[in-house]
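I would like the atomic coordinates for the input below:
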Amino acid sequence: MSGHSKWSSIKHKKAALDAKRGKMFTRFIRELTIAARSGGGDANANARLRHAIDGARAVNMPSDNIKKAIQRGTGELEGVNYEEISYEGYGPGGVAILAEAMTDNKNRTVSEVRHVFDKYNGNLGQQGCVSWMFTRKGVILVPQSAIGEDELMEIIVENGAEDMKKEGSSYEITTASEDFDKVHEALKARKLPVESAELAKVPSTYIKLEGKQAEQMLRLVDKLEELDDIQNVWSNFDISDEEIEKFSKE
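Predicted structure coming up:
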C-alpha cells in the first residue's frame, strides 16, 4: 500500500489524541451501533461487531459506552438512526478517493464533503467513479523489530495470508477479508505487537505524488477524516515517507 499504509500507521498513533477530543469515540459508537443493527449484538456471531469492539477498546473507550452503543443498535435503547453512504471523487493528480460515512443527515454530510474537495484541489464525483478500483482486504502492520521476516512469513502463510512486504519500519501483511480474523488471532496468540489491523479498501493501482500535490492530497484526506460523519477515507496515492512524516508534524 506504499505511502497509504504509512499514513494509516500515523493515523493509529494519533488515535489516542483524537479520542480525547471525542472524535474516535463518536466514530466507533456509530460503527458499533450499525454493526449491531445489521448483524445482531453477539460479537461471536458478528465479525463486523467484533472488529468494532476491538477498535473501541484500542482507543480506551469505556465498556459501558460500548455496551450502550450495541444496545442502541439492537433496539434495547433508543438512538439516532444512522445511514451508511460512500462518497467518491478525485484528488490532486487524479488520485482516487473513497470516503465512507455514517450520517443522520445526508444533505449536511454531502455539503461538508463537497466543501473539503473543492477547497483542497479535489473533485467530488458520481457513485461508482472510483470504487471499482478498490478491493476489501485485511491489512496488518507488525513492527520489524518484533520478529524476523522468515519467522513471521511462516506464521502468516500457515494461516492464509496473501502477501507480506516491508513498509518503512513495519511488515505489511495483506489477507483476503475472510482470512483477516484468522491471521490476526495467530499474531495475537504469539503475543506479537500489532501497530494496526483493519479491513481496508485496497486499490489496484497507485499514483505517485510529490511536492505541492502531495501536500494538497494529505491535507484533503486529513480534512475529510476530521469531518464528524466520515468513518474511513481510502485512496490510491503513493507519497514518500519523508513527505508524510513532515506533514504529520505540522
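
check contacts around the residue lying farthest from the centre of the chain.
Distance from the C-alpha centroid of the chain peaks at Glu76, with 28.4 Å (Cα atoms, centre = their mean). The contact partners of Glu76, taken as Cβ atoms under 8 Å, 6 or more residues apart in numbering, are Gly41. C-beta here means a position set from N, CA and C on the backbone, and glycine is covered the same way.

so it is in which element?
Under DSSP states H and E, no helix or strand contains Glu76.

for this protein, what spans make up the helices?
3-13, 15-20, 23-39, 47-58, 63-74, 106-119, 149-158, 180-189, 211-226, 241-248 (DSSP state H).

would you mind listing the buried residues in the strand ranked longest in the chain?
In terms of residue count, the longest strand belonging to the chain (DSSP state E) is strand 134-143. Neighbour counts using 16 or more other Cβ atoms under 10 Å place Phe134, Lys137, Gly138, Val139, Ile140, Leu141, Val142 of strand 134-143 among the buried residues.

and it with helix 47-58, angle?
Counting by axes from the mean of the first three to the mean of the last three Cα atoms, to 10 degrees, strand 134-143 points 40 degrees away from the direction of helix 47-58.

for strand 134-143, what is the average pLDDT?
Taken as a whole, strand 134-143 carries a mean pLDDT of 92.

strand partners (parallel or antiparallel) of it?
Each strand paired with strand 134-143, and its direction, by DSSP bridges: strand 170-176 (antiparallel), strand 196-203 (antiparallel).

distance from the chain centre to the shortest one, please.
Its chain's C-alpha centre and that of strand 170-176 lie 14 Å apart, by Cα atoms, centre = their mean, to the nearest Å.

what is the neighbour count of Lys191?
7 (other Cβ atoms under 10 Å).

ugh, wrong one, I meant Phe28
Neighbours of Phe28 (other Cβ under 10 Å): 25.

give me every residue that touches it.
Residues counted as contacts of Phe28 (Cβ under 8 Å, 6+ apart) are Ala52, Gly55, Ala56, Val59, Met61, Ala69.

got the contact list for the closest residue to it other than its chain neighbours?
Nearest non-adjacent residue to Phe28, counting by Cβ to Cβ, 6 or more residues apart in numbering: Ala56, 4.2 Å away. Counting by Cβ under 8 Å, 6+ apart, Ala56 makes contact with Phe25, Phe28, Ile29, Leu32, Asn65, Ile66, Ala69.
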